[in-house]
Structure formats: C-alpha cells, structure tokens
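Student: Please work out how this folds:
(one chain, ligands or ions: 2)
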Amino acid sequence: MTRVIIITGKGGVGKSSVAAATALVGARQGLRTALVSVDSAHNLSDIFARRVGDDLTSITDNLTALEVDLNREIRTHWGAIVAFFRHLTLNNPRVNEIVAEECAVFPGMEELFGLFRLKDLIESGEYDFIVVDAPPTGDMMKFLRLPDVLEWFLTKFLPLEKKLLRTARPVASHLKIPLPDEGSLDNLTYWHDKVGKLSSYFMDFQHITARIVMTPDRVCLEETRRAFSTLCLFGLMVDAIIVNKLFPCHDGNSFLCFWSHQQRQLLSQIASGFAPLPVLTAELLAQEVIGIDHLETFGRQIYRETPPESLLMEEPPFRLAETPEAYELYIRLPFLEQDHFHLWITHDALIVNLYNQRRRIPLPDALLRREMIAAHYQNGRLCVAFRRENAGIH
Ligand SMILES: Nc1ncnc2c1ncn2[C@@H]1O[C@H](COP(=O)(O)OP(=O)(O)OP(=O)(O)O)[C@@H](O)[C@H]1O
Ligand SMILES: [Mg+2]
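Tutor: Ligands and ions are numbered 1, 2, ... in the order given. Coordinates of the predicted model:
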C-alpha cells in the first residue's frame with residue numbers, strides 16, 4: 001500500500017518546505033511520489049518556482065505535485081448539502097440566503113474535500129509515496145473532529161427532524177412554507193458514512209503518519225505539545241517531530257551563537273519531552289528554500305541517511321491489553337495532568353474531553369457493554385480498564 005506522510009505544524013514554521021523536501025528525497029530514491037497541498041493557502045508554485053495547479057504537475061523524475069482547489073471540490077461535491085442548509089434555515093427571518101450558505105461551509109469541510117482527493121490518489125495505486133502539505137494543526141483538527149460532529153448530528157438531531165418533517169409537511173405545504181426534503185437528510189447520512197470511512201482510513205498506523213514541524217522556541221513548543229496530544233487523541237499516528245530553522249553558529253557571530261546556544265538547550269528538552277518519538281532537525285539556511293537544489297540540500301539535512309518514507313515510530317496511539325481481571329485500553333496522550341481531561345462511556349464509545357475538544361472513541365467489540373472499572377494516567381498514557389466478564393449478559 002502507498003505510504004502517506006502528513007506534514008503539519010503551526011503557521012509559518014516551514015511545513016510546505018519540509019513537505020516538498022520530503023517528497024523530493026523520496027522521489028530521488030526512486031519512489032513514485034506525489035506531493036499534495038490541501039492547505040487553502042497554497043504555495044507549492046512559489047517553492048518550485050513553477051506553476052502547480054489542481055491537476056497533477058510533473059516536477060522532476062518520479063515527482064508530481066498537486067494543489068487541490070478546495071473551492072472547486074466544494075462546488076462539485078457539496079451542492080446537495082448547501083441546498084440542505086439553505087432549506088433548513090429558510091424559515092428563520094433572521095437568516096438570509098448568504099448566512100445560510102455560510103452555515104453550510106462548516107469547520108473542517110475544506111480539509112475534508114482535500115482529503116477525499118488524497119484518498120482517490122492513494123486508491124489509484126500509481127504512487128508509492130504521497131506527502132501531504134497539510135493546513136496548520138488547528139485546521140487539521142477540525143477535519144478530525146468532523147466524524148464525531150456528524151455522528152452527534154445524525155444520532156440526536158436527524159431522527160427527530162425526520163419525525164417532525166413528516167408531521168409538519170402537510171401543514172407546511174398548505175401554508176406554502178418550504179421544508180427540507182428527506183432526500184437532503186438522506187444525503188447527510190451518505191456523507192456521514194463517507195466521512196466515517198475516510199477517517200478510519202487515516203487510522204492505518206502502518207501506512208499513514210503525521211510529522212509535526214516546529215521552530216525551536218517556547219511558544220511553538222507549547223503549541224506543538226498540544227497539537228501532538230490532540231492528534232493522538234484523534235487517533236492519527238505521529239511518527240516524528242521536525243525542528244526547523246535552528247540558528248547555525250559556524251562563524252563565531254556572538255549574537256547568532258547566543259541564540260544557537262539557547263535553542264540547543266531547548267532542543268534537548270524537546271527530545272526528552274517527546275521521547276521515544278524521534279526529533280529530526282534542520283538549520284536556518286542562508287536563503288529561502290526555493291527550487292529543486294535548495295530543497296534537496298534541505299531534505300538531506302533533515303533525513304540524513306534515514307529513508308523519508310520509513311515508519312519512524314512504532315507505538316500506535318491506541319493499544320489493547322489483557323489482565324486476568326480486566327481489558328485495558330491504552331491511549332497515548334502525552335503532556336497532560338490527570339485533571340486536564342474527563343471521561344465517561346456510552347454503550348459503544350469512550351468519550352474523552354480534553355481542553356475544549358471532545359472525542360468519541362468507538363470501542364472495539366471486545367469492550368462493548370463492559371463496565372469501566374478504573375482509569376489512570378501515567379507516563380503520558382491514559383489507561384482505561386474494563387471488567388472482563390460481560391456485564392451485558394445475565
Ligand atoms: N530552514 C530554513 N531556512 C531558511 N528558510 C526557511 C527554512 N525553512 C523554511 N524557510 C522559509 O520560511 C518561509 C516559510 O516557509 P513555509 O512556506 O514552508 O512555511 P509554512 O509553515 O508552510 O507556512 P504557512 O503556514 O504559511 O503555510 C519560506 O520563505 C521558506 O523558504
Ligand atoms: Mg505552507
């Protein structure tokens with residue numbers, strides 16, 4: 001199967017440069033490689049100093065690039081859902097047509113369409129290696145949350161809405177009040193299934209991993225920690241941190257050397273804090289990373305002898321273990337305190353509230369209807385224990 005690496009991180013840290021360099025090093029090794037930008041602020045064209053568009057563009061041997069036109073994707077696929085939101089808000093005098101359209105473009109949607117395109121590329125079988133220039137971590141999170149939001153909408157709101165519609169339709173048609181048709185609602189169910197499949201696709205730890213790019217400063221470190229925990233919570237496997245723009249200290253410049261020293265101290269904190277996750281590094285170059293030659297130098301600096309497509313970290317975000325008394329579900333959630341999160345279980349899922357994020361983690365069959373008997377947080381892992389005998393069978 002195709003190896004996919006998603007490059008994310010805070011704005012401006014060098015995500016696109018790292019993504020392009022990663023793809024280029026892979027292509028130089030003979031892998032059939034595609035570099036895909038799903039960030040709405042594309043800049044692959046600037047990086048390669050040539051036009052990269054919504055169609056696959058050949059860059060060099062084995063390397064093609066693509067900037068997904070998110071607006072075009074939305075126009076093509078989302079018409080039915082926009083129509084649904086328009087209908088849904090039509091009767092509210094405070095909601096005009098423009099607001100209705102705005103509502104329809106909900107958080108995570110752009111990223112979602114970019115990732116549908118990615119799925120098509122993976123399934124084409126034409127690539128060994130796909131590198132994704134992803135949006136900043138906050139926007140990635142919106143996509144990862146989307147299946148949970150749709151799940152909530154479909155289980156809580158949709159049945160009620162369908163019932164109401166059936167009752168209200170005769171009256172509404174008499175009064176000439178437009179209502180959403182059931183086809184629009186079914187459409188949502190269709191999208192829910194599609195999104196669900198896509199997100200489970202991204203949980204293939206062996207083939208799809210994320211790498212977080214950061215700069216060596218404390219503000220970025222805090223954000224990277226939060227991003228890492230949240231990506232783990234949403235089940236996306238992070239297999240490396242890339243610290244970019246380290247100041248060099250070659251020429252004895254005391255100002256640069258002072259900063260370089262500070263950064264190296266922070267770097268050792270980063271390495272021990274994220275361990276056993278590997279931390280790759282790249283120095284601030286004397287010029288911007290533009291054009292094939294600079295990208296190649298940059299890529300070799302980051303990966304050295306390591307093949308960029310290799311899986312750099314083996315431990316998955318979720319793991320199930322057994323003891324004589326319990327099944328234990330381990331979730332990798334580094335950098336937290338016990339009081340940072342709350343948990344509870346429903347009949348088929350574990351719900352974790354972390355910061356302002358809520359994640360519904362569907363339970364594997366082995367844990368369904370079992371009683372949660374303990375939970376503790378240790379060494380960056382949350383362990384939730386479930387009683388072994390099946391509480392649902394009497
Ligand atoms: N190691 C480096 N040395 C010198 N310049 C760098 C380095 N890494 C990135 N840059 C430069 O920093 C700028 C921002 O990089 P890039 O566009 O890759 O960041 P980004 O994280 O993708 O930004 P955005 O969040 O806007 O998408 C670019 O001009 C790039 O050439
Ligand atoms: Mg970018």
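Student: tell me what the one helix or strand R358 maps to is packed against?
Tutor: Using DSSP states H and E, R358 sits in strand 357-362. The helices and strands touching strand 357-362, judged by 3 or more C-beta pairs under 8 Å, 6 or more residues apart in numbering; DSSP states H and E, are helix 137-152, helix 218-233, strand 349-354. Just so you know, the C-beta spots here come from the backbone N, C-alpha and C atoms, and that holds for glycine as well.
Student: switch to 10 Å and redo it
Tutor: Where contact means 3 or more C-beta pairs under 10 Å, 6 or more residues apart in numbering; DSSP states H and E, strand 357-362 is packed against helix 137-152, helix 218-233, strand 326-332, strand 341-345, strand 349-354.
Student: Would you mind measuring from the residue nearest to L266 when sequence neighbours are not counted to L312?
Tutor: Leaving aside its sequence neighbours, L266 sits nearest to P216 (C-beta to C-beta, 6 or more residues apart in numbering; 5.2 Å). Using C-beta to C-beta, to the nearest Å, we find P216 at a distance of 19 Å from L312.
Student: Looking at these two, which one has more neighbours?
Tutor: The residue with more neighbours, out of P216 and L312, is P216; 23 against 19, by other C-beta atoms under 10 Å.
Student: State the distance from the more buried one to ligand 2.
Tutor: Note on P216: its distance to ligand 2, by C-beta to the ion, to the nearest Å, is 19 Å.
Student: and the closest residue in space to V238 that isn't next to it in sequence, backbone torsions?
Tutor: Among residues not flanking V238 along the chain, A210 sits closest, at 5.0 Å (C-beta to C-beta, 6+ apart). Main-chain dihedrals, A210, degrees, to the nearest 10: phi -110, psi 150.
Student: coming back round to it: would you format the helices and strands packed on strand 357-362 as TSV with distance to ligand 1 and mean neighbour count included?
Tutor: As requested, the helices and strands packed on strand 357-362 are exported to TSV (distance: least, C-beta to the nearest ligand atom, whole Å; neighbours: other C-beta atoms under 10 Å):
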stretch	distance to ligand 1	mean neighbour count
helix 137-152	10	20
helix 218-233	11	20
strand 326-332	25	20
strand 341-345	28	15
strand 349-354	24	18
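Student: okay if I get those as TSV plus distance to F48 and mean pLDDT?
Tutor: Listed next are the helices and strands packed on strand 357-362 as TSV, based on distance: least, C-beta to C-beta, whole Å; pLDDT from 0 to 100:
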stretch	distance to F48	mean pLDDT
helix 137-152	23	70
helix 218-233	26	88
strand 326-332	36	90
strand 341-345	42	85
strand 349-354	38	84
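Student: In CSV: those, plus distance to S200.
Tutor: Converted to CSV, those look like this (distance: least, C-beta to C-beta, whole Å):
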stretch, distance to S200
helix 137-152, 9
helix 218-233, 16
strand 326-332, 17
strand 341-345, 20
strand 349-354, 14
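Student: Would you mind putting those into a markdown table with distance to ligand 2 alongside?
Tutor: Below are these laid out as a markdown table (distance: least, C-beta to the ion, whole Å):
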| stretch | distance to ligand 2 |
| --- | --- |
| helix 137-152 | 11 |
| helix 218-233 | 15 |
| strand 326-332 | 27 |
| strand 341-345 | 31 |
| strand 349-354 | 27 |
